[in-house]
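Participant: my questions are about this predicted structure, shown below with the sequence.
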Amino acid sequence: MTNLAIIGGTGLTQLGGLKISKRDNLVTPYGTPSAEFITGELYGKEVVFLARHGNPHRIAPHKINYCANIWGLKQLGIESIIAVAAVGGITNAMAPAHIAIPDQVIDYTYGRKQTFFEDDDFPVTHIDFTFPYHPKLRAALIAAAGRAGVSISNTATYGCTQGPRLESIAEINRMEQDGCDLVGMTGMPEAALAKELGIDYAAISVVANWAAGKSEGEITMAEIEHNLHLGMAKAGNLLQSFMALD
Ligand code: HPA
């Protein structure tokens, strides 16, 4: 895999094991990215790491400058992005600490800058978004999980909400009826912006909690942290196996 980046979400603000060789603080035409771009060697391969919420973790999902992040990665020559993100589990298989490689997305966000193609000097551009996540990159992640013995869901529909609050039971019920398996707050517009710039993009969704109404009572930060700890360890194994693939 050439010119690979990993965008780390909640629970992955730093990439353990990264042998750092370079740090880039970029300013883009879209403003300042979430954090410095950290280049290093991970399990013998070069990778650029970006902490989506900043380091320390401080930028709420709706305030992330997705355009600056993706533009910055493009400037660094990145051709493939693996996005790691915490999610809530909606359907039965999506239990806490489980991992899914989503294949579809529904965007419920609003008021975020959704595109690079909105200035009058661009011809009107409509990117194809039939497959929001790059099929070959997804297949490589699925193969890597198999080799690492990490049990995952090979497909899932990711619903992206605005946040930063979690959802009501009624909102989750509606999302389930829409076909969502997972709910998160950062998958969009990140996936679409990567596609606009021709960067292959796939995601590792780590389930932090049952979504609202899918377990008894309220969702606590303590349970999210506990499950993310377990889930991110699995995601780390998956990434290690992925880096070992040619
Ligand atoms: N909803 C939205 N985003 C999330 C959740 C959730 O329940 N858990 C982790 N990210």
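Facilitator: Structure's in. What do you need?
Participant: and stretch 71-89, which residues are buried?
Facilitator: For stretch 71-89, a neighbour-count test (16 or more other CB atoms under 10 Å) marks 71-74, 76, 78, 80-89 as buried. C-beta here means a position set from N, CA and C on the backbone, and glycine is covered the same way.
Participant: and if you look at stretch 3-11?
Facilitator: Buried-residue list, stretch 3-11, by 16+ other CB under 10 Å: 3-11.
Participant: what do you get for stretch 183-199?
Facilitator: Within stretch 183-199, judged by 16+ other CB under 10 Å, the buried ones are 183-197, 199.
Participant: just those residues that are near the ligand?
Facilitator: 183-185 (CB under 6 Å from any ligand atom).
Participant: shaky segments in this structure?
Facilitator: For the chain, the stretches flagged by pLDDT under 70 are 1-2, 120-122, 246.
Participant: residues from the chain in reach of the ligand?
Facilitator: Within the chain, the positions near the ligand by CB under 6 Å from any ligand atom are 86-88, 161, 166-167, 183-185, 208-209, 211.
Participant: which of the residues you listed sits closest to the ligand?
Facilitator: Gly88 (2.4 Å; CB to the nearest ligand atom).
Participant: doesn't the closest one belong to a strand?
Facilitator: Yes. Gly88: assigned to a strand according to DSSP: H, G, I helix; E, B strand; the rest coil.
Participant: and it, how far from Arg112?
Facilitator: 19 Å (CB to CB, to the nearest Å).
Participant: please report phi then psi for the residue nearest in space to the middle of the chain.
Facilitator: The chain has Ala83 as the residue nearest its centroid, 3.4 Å off, counting by CA atoms, centre = their mean. When read as degrees, to the nearest 10, the backbone of Ala83 gives phi -100, psi 120.
Participant: that one and Val27, how far apart?
Facilitator: 22 Å.
Participant: just Leu137 next, same as before
Facilitator: When Leu137 is compared with Val27 (using CB to CB), they lie 28 Å apart.
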